[in-house]
Structures are given as structure tokens and as C-alpha cells.
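Novice: Dropping the sequence and predicted coords here.
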Amino acid sequence: MRYKEPKLSIIKRLFNNEEKIESIKLNEAINEAYFKHTHLDEKGIESEINNFQYIFDHLTAGIWMREEIKGDLVYASKGFEEILSLPLNKIYETPSLRFQMVHPMHKKEVAANLEMVAKGKTVQMLYPITDRKGQKKWLLEQIIPRVKEDGVVTQIFGMITDVTHEMDIEEKLNFLANYDSLTRLPNQKSLFERLDSYCRERVKFSLIYLDIDRFYVINNSLGYQIGDEALKKIALRLTDLTPEDGYLARLNSNDFIMIVKNYDDEKEVYQVADKILRSFEMPFTIQEYVLHITTSIGITFFPEEGESRLTLLENAHTALYHAKRQGKNNYQLFSHSRDIPSYKKYVLDRDMRLALLNDEFNLYFQPQVEPSKGFIVGAEVLIRWQHPEWGDISPAEFIPLAEENHMVNQIIDWEIEKVCSILHEWKQKGYRLYPVSVNISPIRFMKKGLVNFVQAQLEKYDVNPQYLELEITESSLLKTDQTVLTILKELKALGVKVAVDDFGTGYSSLDYLRKIKPDTIKIDKTFINNIKSESEIDKGVIASILFLGKRLDMKVVAEGVEEKDQLEFLKQNECDMIQGFLFSEPVPKEKYEKIIQVGYLKAVQRTKKKSSLRENRKFYRFELPLHIHGKMTIAEVNDQVVQVGSTPILIENLSLGGIRILSNLKLPVNSNMKFKFEFKILGEVIEVYGNLRWIEDELQNIYSYGVIFILNRTLEDHLARLINRMTTLRIKNQPIPNTEFVYDQVTKFFNKS
């Protein structure tokens, strides 16, 4: 049975319906049929009705009609049966059966639409069902009510279409657009949208940036197929470690981003990072290979360390870069308030862009001399940054930062132009010119136009190319590609000299020497330092490099020469040029001008300078039997309070006037910074403020500072009692209890810190 009333009645209702069923393209056919049936007798009408039945039953769509919103179903086409995989007699018997097939998540939406129909509104809805065969289908349904003048719905007409195929295609396109096809994780697009949403809604979260260490080794040695399988397994392991309300995405290649929300304490985020590192201790087995993989992690927090997606990602990558430099397989924080080094890094990074505009960079020249007579043969130019708060900043501190924040290219270009302008100035003054060497970061080779820029500066300042030498480190050279080698050859073609710095510290450099044929190779100072130690290996390396240089017609410079024994060895082995404190430290331009006018330098054994700022305390000093572990932080800068975490220090002696401390940080003395010091003696924690008054080089990368206290009378009296107690204990040859003495060697202590 297909009808619950005569066909003629049904067709009349269809034809008398003033609404148009737009989604089936039958309007013209219906209009034509309606026109015909009004001019036909009953037999002709029956024939036309059969035609409509034939059309409806051969449509893939299902057409239906019922009385009122919950009335009986009076008509259903064959397409209805096929879509629901349900016999028509079942549909007639239980009209609500098809709504029971609707997916639970969409039942409320369908019910709401039916309520709209009951109010006389035409609706169109898209929803999934599970048909009688258990298959999931997506249906597009349009429902049109017939409404009387009094607003009562008398009949309802509808059409359903199976759009599962179209939805599958859309779902696949959506997946490809928003998910990574290899790992099935959200991709960069999805990640960016999620981060933008969280930032917009001010959701508190932490961003964990993960990079798989040395992943290129797997791809290069085992192939990309193994590499891809490794990435899949890594993604699965990270998914298991992602917190319940967290988010994990693949940013690119071997980089992943994890977002952690709803944490009460930052330590919870660190625990997630610890779990990740521990999980990577378990090797990955792929086919017959057992892979030991590690990851480096950078962590940043919203909104404390960035209020936009771009800033957060950059800061997290900066922290990741720091983790890489710490030896990989660890996590680091971006937080600039974590400790003094982080704060200093933040300030330098913040102020670097203004440094060029404010003319805060200076060039220093370290002379290179001929070893026998000390004649000047050239100089290496070294950049210094005179920061308004932190004083003299060495390139070892700010160049790595410049490489991270993309300022290094501007700084190098500034150096090249400045050197050319100085050479032009000396030429105008009639000074004898010597080659000047400029260090070039390998990152500068990645930016187009280096050769054209150098050529433009040489032409602008009318400088002979032979007086400009560009240095690239050997370790950097080994990481370069064919493009860099081409650029170096083009620079040499201009007449510019090329030097390879730190020679002897890399691997298999001979092939590169053959390819680029540098004018100069510079022996790394680590070999020079060991000349005095009677190290036959280091001496053999130096002698071999010197011999190699002569055979390849290259000049050889020995760096870091500080003692006459080193000079004598280099002279005996016919080293071409010497550079080091034995002849001169790096000097400002004005002083170097005087040196080149004289034309030579004498070798002078120098002792380490003691700071002239060292003060003599008027108070009694208590010399501690061992170093005391303390903490130091910056309290104020320019009379403005700053929030900075503490950094470990060692305390050597103590008085009412101040303390002498050791630190592995280079800090400004007599500056506008006020420091806070904290240490424990005799069971009591002392917190005191003070300023740094002098500095001395104690050991390699460890500095000694004199601190002058800022005390009130109460703290001064309390400190005096403690010093008197310790003095009494020492006189009685008794131990000093409840004091945080350090038994490690100084270097070991700071390495552990």
C-alpha cells in the first residue's frame, strides 16, 4: 500500500499547494501538469497522476505529505524507502520511526525545526541518521507547511535527499585543510586558528614548542619512509601525553606544538615537559630499526609572555633555541623574569632594534702583526654594544640574540658599510691602509644580495676590494650548501678576501678549502692555548696547518696569542700573522689609527688588569672559611622596581659595608641598578640591598664583584651581631652552624647551577 487516500486527492493537494518545492527541479513540470489536469476529464487526470507517480518514484529524493505536524503520513515516494532502507508500509505504520534514526547529537536541532514548521515556517535542515542497515547517512530535508488564513497548519509537504557522498567529500576536504595527512594531528592552519581564538578570548594557557633533535639524520641515513613512520609514532606518543583538555598539533616537519590549559601552577606545565622527556627515553622501534630519539622543548605562557599568536610562537621558539644550545634533550623557559640572565636577554632583545638608530654600536680593531718584527699587516674588526643600562656588551652575548630576532643581517651590513667608510676616511687622511676583516654570520648568506651590497659599498666609498676581508667560521662553513660556496666565489671574484675562522675545530674541511680557496685560514685559539702545556698533538696540528697554508698559498693567522712562548713556537714554524693580547687587545678606532701610523707593535707579556674601582672597606671584613651559597636579583633599574627571579652566587667575605661575591654573569658596576642579595648564616636568612662597585676576572667566565650595602640601622645592628658571633666561633676554632656553605669547586658549582 502506497497511499492512504485516493491518488486524485493527493495530487490535488500537491497542485493546490501555493508553495514551491524549489530543491527539486520539477516546478515547470508541475505547473504544466496542473494546467493540463484542469482541462482533462477524470480518465485523463488519472493518466496524468500515473505520470506523476512514475516521476516521483524514480527520483532519488523522497517526497512525502502528512496531515498537520503530527498527523498521519498520507503519501511517501519510493525514494523515501531507499533512503531509509525501510519498507514503505513500516513508514506508514510508524511515521515517527524515521526521526528515531536521527543521530542523538542532532535530535534537538531537528525537533526545533519541526516546531518552526508547526508555526507555519518553511525550513531546510541537514542532519545525519543511521538507517535500518546500520549505515550513517546525511540527509538534506526541506519541509513546506500549508497554512490557513487563521494560521493553522493543515498539511505538510517535504522532500529528503541523501547527500552523504557530498558530505564525505566535504569532510575529506575539511580534513585536508585542517589536519596533517601523515600524523592525523591538527595542522598549522588549525593551530593558528586555535591560538588566535584563545588569545581573543583571554584563555590562560601555556604553549610547549617541541623539536625532534637531529631528525634529519634519520631521513638522510634511513630514508624518508622510516622518517615518516617515526613521525607517526612520535605523534601517537605525544597524543597520549597531552592533557585531557589540551591540544596537540604538528607545526611543520619535525616540530610539534602542545597547548596546556587550566593549570593552577606553572609547575604543572613543567611536569608535562618532564613526562615528555622521560617518555622519549624509551626507544622507537620501526621495522627492524631501534631509534633513540630525543626532543628539545621551549615553553612560554599567555598572557605573561605574549598576547598574540605570533609573539608566543617566536618566544617559545627562542626558548627552544636556548634548549638546543644547552645540549638538546631538555626544556627551557622564555620567561624574562625567571632570573637575571633571562631578564638581561629580554632587555637586550628589546633594545637591539633601537641600538642602530641610537648609534650604540662601536667597532674595535684587534691588530694582526708579522711575528718577527711586529709590523702591522691587518686587523680584525669586532663589534661592541654600549648599552645604556648594561654597559659594554660583547658580540658573544648579543650576536646569538640577533640571529634569533633576525637583526643579524642589519648589523652585519652596518659593519661592512662602517668599515668601508672608515677605510675611505683613512685613505683621505693619507694613512697607510691594511686589510680589515669582518665576521659574517652564515645567516647573512641566506638573504639575497650580499655580493651586490658589498660591491655597492666598495664603489660608494671608493675602497679597493683587497682591503676588505670577510670571515666565516669553519663550523659554519661545514653546514653551508652550494649556494653559499657560490656566493663566496663571487665575493672573491670581486677582489674581496675570504678567511676561514676557528680552523681545526671542524671536520673534513679540506674539501671546502679546495672548493673556495680562501685567502686566509685562522688557527683556533684552543690550539694556541695548549702550546705551553707541551701538548705534542696540538703542536702537531698547528705545524700541519701552517704547512698546509704554505702549500695552498694561503696566509695563516694564529689567534689568541698571549704569551711569548707561544710566539716563539709560531715564529719557528713560520706563521704568517699573529693576533692576540701579546701585541694588543681590541682597541677603539682612534687608538688603532695611532697604531697604523706607527706601523708596528712590540710583544709585551700582559698581566690581567685589576679594576681601579675596587674599594677599601672601612668596616671589619669576616673572611668565610668556605663560600656561602646565596641568591642575587635585580630590584630596581633607574629607580623603577622590576620583577626578576634570582640567580645563584657565592659569597667570599662579609662586613657591615658589603660583601664580596662570585658570579658567572657579566654585570654592570657603578650603574643605575640596585640589587637584592639573600643568604643564610647561623640559621637566619638575610635579605639586603646593594650596588656593585668593582669587578675582577676571577676564573674563565667567572667574575668577582664588590658589593656596597644599603642598610637601615636595624639591619646593620642585626648583621653586626651575626658577624661578631661568627668571629667568636672562629677564634674558638668551632664550626659555624646552620650556614649554607658550598663544598664544590667554584666552576663545578656554577656549572651545576
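Specialist: Received the coordinates, thanks. Numbering: from 1, shown residues only.

Novice: Give the residue spans of the stretch 251-400 of the chain that score low on pLDDT.
Specialist: Where the stretch 251-400 of the chain drops to pLDDT under 70, the residues are 336-337.

Novice: Mind listing residues that contact stretch 96-105?
Specialist: Contact partners of stretch 96-105, identified using Cβ atoms under 8 Å, 6 or more residues apart in numbering, comprise 84, 86, 90-91, 107, 110, 127-132, 136. Using the backbone N, CA and C atoms, a C-beta is placed for each residue, glycine as well.

Novice: out of the residues you listed, which are inside helices?
Specialist: Secondary structure from DSSP state H places L84, K90, I91, K107, V110 of the contacts of stretch 96-105 in helices.

Novice: What is the helix or strand containing A273 packed up against?
Specialist: Here A273, judged by DSSP states H and E, is contained in helix 266-279. Helix 266-279 is packed against strand 205-212, helix 224-241, strand 255-261, strand 295-302, strand 331-333, with contacts defined by 3 or more Cβ pairs under 8 Å, 6 or more residues apart in numbering; DSSP states H and E.

Novice: I'd like a version of those in a markdown table, one that adds distance to N712 and mean neighbour count as further columns.
Specialist: Shown next, in a markdown table, are the helices and strands packed on helix 266-279 (distance: least, Cβ to Cβ, whole Å; neighbours: other Cβ atoms under 10 Å):
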| stretch | distance to N712 | mean neighbour count |
| --- | --- | --- |
| strand 205-212 | 40 | 24 |
| helix 224-241 | 51 | 17 |
| strand 255-261 | 44 | 22 |
| strand 295-302 | 36 | 25 |
| strand 331-333 | 35 | 24 |
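
Novice: Would you reformat these as JSON lines and include distance to K564?
Specialist: Formatted as JSON lines, the helices and strands packed on helix 266-279 follow (distance: least, Cβ to Cβ, whole Å):
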{"stretch": "strand 205-212", "distance to K564": "47"}
{"stretch": "helix 224-241", "distance to K564": "55"}
{"stretch": "strand 255-261", "distance to K564": "52"}
{"stretch": "strand 295-302", "distance to K564": "44"}
{"stretch": "strand 331-333", "distance to K564": "43"}
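
Novice: Would you mind saying which of these lies nearest L650?
Specialist: With Cβ to Cβ as the measure, strand 331-333 is the member of these nearest L650 (23.8 Å).

Novice: Need the contact partners of the closest one.
Specialist: Counting by Cβ under 8 Å, 6+ apart, 208, 270, 273-274, 277, 296-300, 319-320, 322-323, 326, 342 sit against strand 331-333.

Novice: One more pass at 10 Å, please.
Specialist: The contact list for strand 331-333 (Cβ atoms under 10 Å, 6 or more residues apart in numbering) reads 206, 208-210, 266, 269-270, 272-274, 276-277, 295-301, 305, 315-316, 318-326, 338-339, 342, 645.

Novice: Name every strand pairing with it and say which way it goes.
Specialist: Here strand 331-333 is paired, per DSSP bridges, with strand 295-302 (parallel).

Novice: Pull the strand it pairs with out as PDB, backbone CA atoms only.
Specialist: The C-alpha coordinates for strand 295-302 follow below in PDB (Å, rounded to 0.1, in the frame of the first residue of the first chain):
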ATOM      1  CA  THR A 295      63.400  16.200  21.800                       C
ATOM      2  CA  SER A 296      64.200  19.800  22.800                       C
ATOM      3  CA  ILE A 297      61.400  21.900  24.300                       C
ATOM      4  CA  GLY A 298      60.600  25.600  24.600                       C
ATOM      5  CA  ILE A 299      57.900  26.900  26.900                       C
ATOM      6  CA  THR A 300      56.000  30.200  27.100                       C
ATOM      7  CA  PHE A 301      52.900  31.400  28.800                       C
ATOM      8  CA  PHE A 302      49.900  33.500  27.800                       C
END
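
Novice: right, and the helix or strand after that strand?
Specialist: helix 309-325.

Novice: so what's the residue nearest the centre of the chain up against?
Specialist: Nearest to the mean C-alpha position of the chain, counting by Cα atoms, centre = their mean, stands H317 at 1.1 Å. Contacts for H317 (Cβ under 10 Å, 6+ apart) come out as Y209, D211, L251, D255, G298, T300, F334, E404.

Novice: Would you mark the buried spots in the helix or strand encompassing the third one?
Specialist: Element membership of L251 [criterion: DSSP H and E] is strand 247-252. If you call a residue buried by 16 or more other Cβ atoms under 10 Å, then strand 247-252 has these buried ones: Y247, L248, A249, R250, L251.

Novice: Report the contact partners of the second one.
Specialist: To tie it back to what came earlier, the one meant is L248. Listed by Cβ under 10 Å, 6+ apart, the contact set of L248 reads 183, 185-186, 191, 208, 210, 235, 238-242, 256-259.

Novice: what about the helices in the stretch 51-200 of the chain?
Specialist: All helices of the stretch 51-200 of the chain, identified by DSSP state H, counting those that start in this stretch, fall at 78-84, 88-93, 97-100, 107-118, 164-178, 188-201.
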